[in-house]
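Engineer: Starting from these lines, generate the structure:
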Amino acid sequence: MIRKFNINWDHIGVNAQISAFTPDGADSLQGVQEMHVMLHVAPNGEMFVQQYDRICQAQQLLMQHPDFTGAVIIAKRYFLSDSTNQQPLMEETDGCAVSCIQQPPLDGSKVALWMYITRTPASHPESPYSHIWTMGMTDSCGDSAQQTTSLLTHYSDMLRSAGATLADNCIRTWFFVRDVDTQYSGMVRARREFFAEQGLTQDTHYISSTGIGGNPADTHSLVQFDALAITGLQPSQQRYLYARTHLNSTYEYGVTFERGTLVEYGDRGHIFISGTASIDNQGKVLHTGDIVSQTHRMWENVQTLLREGGMDFSNVVQLIVYLRDTADYDTVRRMFDEQFPDTPTVITLAPVCRPTWLIEMECMAIDGRHTSFPVL
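Structural biologist: Numbering: from 1, shown residues only. The predicted structure follows:
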């Protein structure tokens, strides 16, 4: 069951959009509850320090709320308007995986926050799974290709130390690229070459991913990397989503990622939808220059991927929307408010990897399932 609700702290000017999943039936008493939260702060004409302080207050209030008693923050990502100047002013004490990226929230604030939170009952059986969130990795030497190779090498070494591999255990990646219009091609080339060395090819599989504009705090860093890997999964618990009626295989135009990934547990399924835009099954951009039509086609593509995994828009628990042009914000905000009125959403300024794409979105979705796999 998915419950979506808001918490408003008017006295500090922060709104929390929340999706909370609880497994159904007998699993509900012992099952892990998952929450996705988007925190939005009213700008109030303040500087970053004041807005960030209010976001921090809201985190404390959230974790004291009865719906979050006993919950733990697993991972979070801050969306900043000026990472180079703002990130040094931030202090993190939660001990979770944290990423900070310059993708300015388009609601006029200087900071927004996505949080992934879980609550595990004391009666929950010992889990065979380990979820490894790796957030905010950067390198400052070389061009975008060299930095991508360095990041993936370091990440693969980290996974091996945890008894995992990139090919077998990495479920989702994010590549944030400075000046994406010029630096993206180097990242793509390096990723393709590194994947091939690791046995990830068009004949095996790739990894669901978003490659999007975004600035790390270090001005010498051209690429920032986030990822999720899971150990303990059987191969049959992962399935890739293609939506071939609407989308083509990404390798056909030189990139190497999966459109979406379904991961099934004994009590639920997770879908990770990659960054998706207005594209057809020939790899062509549709509706050039038309933000409304591009948004509708993007939704159609995402909906087709979700249906392939047995879900729909009602299962979406988190949305990140990327816009190239700030002037499109009001139109897109209205459209998403109508289509996803209760889903935690952030809309940021982040150019998509093709200049003619005006908008891209990614999302995560959950539904209750009863399979023979171990529960989450």
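Engineer: now the strands for the stretch 151-300 of the chain?
Structural biologist: Ranges of strands within the stretch 151-300 of the chain are 170-177, 208-213, 223-231, 238-241, 260-264, 268-276, based on DSSP state E, counting those that start in this stretch.
Engineer: So which of those strands is nearest residue 65?
Structural biologist: If you check each of the strands of the stretch 151-300 of the chain against residue 65 by CB to CB, strand 268-276 wins as the nearest, at 23.1 Å. (Each C-beta comes from the backbone N, C-alpha and C, glycine too.)
Engineer: now that closest one and strand 260-264, what's the angle there?
Structural biologist: 170 degrees (axes from the mean of the first three to the mean of the last three CA atoms, to 10 degrees).
Engineer: can you give me how far strand 268-276 is from the chain middle?
Structural biologist: How far strand 268-276 lies from its chain's middle: 9 Å, per CA atoms, centre = their mean, to the nearest Å.
Engineer: Direction included, what does that strand pair against?
Structural biologist: strand 260-264 (antiparallel), strand 359-368 (antiparallel) (DSSP bridges).
Engineer: nearest to residue 53, of the ones you listed?
Structural biologist: strand 359-368 (28.6 Å).
Engineer: Convert the C-alpha atoms of that closest one to PDB, please.
Structural biologist: The C-alpha coordinates for strand 359-368 follow below in PDB (Å, rounded to 0.1, in the frame of the first residue of the first chain):
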ATOM      1  CA  ILE A 359      12.700  18.100 -20.500                       C
ATOM      2  CA  GLU A 360      13.700  14.800 -18.900                       C
ATOM      3  CA  MET A 361      12.300  12.900 -15.900                       C
ATOM      4  CA  GLU A 362      13.300   9.900 -13.800                       C
ATOM      5  CA  CYS A 363      11.300   8.100 -11.200                       C
ATOM      6  CA  MET A 364      11.000   5.200  -8.800                       C
ATOM      7  CA  ALA A 365       7.900   3.100  -8.300                       C
ATOM      8  CA  ILE A 366       6.800   0.400  -5.900                       C
ATOM      9  CA  ASP A 367       4.000  -2.200  -5.700                       C
ATOM     10  CA  GLY A 368       3.100  -5.000  -3.300                       C
END
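Engineer: and that strand, average pLDDT?
Structural biologist: Averaging pLDDT along strand 359-368 yields 98.
Engineer: what do you get for stretch 138-156?
Structural biologist: For stretch 138-156, mean pLDDT rounds to 98.
Engineer: Repeat that for stretch 172-185.
Structural biologist: Throughout stretch 172-185, pLDDT has a mean value of 97.
Engineer: What residues sit buried inside it?
Structural biologist: 172-178, 180, 183-185 (16 or more other CB atoms under 10 Å).
Engineer: Over to stretch 102-118?
Structural biologist: Applying 16+ other CB under 10 Å to stretch 102-118 flags 102-107, 109-118 as buried.
Engineer: got it, and stretch 283-294?
Structural biologist: 285-287, 291, 294.
Engineer: ok, now stretch 236-248?
Structural biologist: Neighbour-count burial for stretch 236-248, counted by 16+ other CB under 10 Å, picks out 237-239, 241-243, 246-248.
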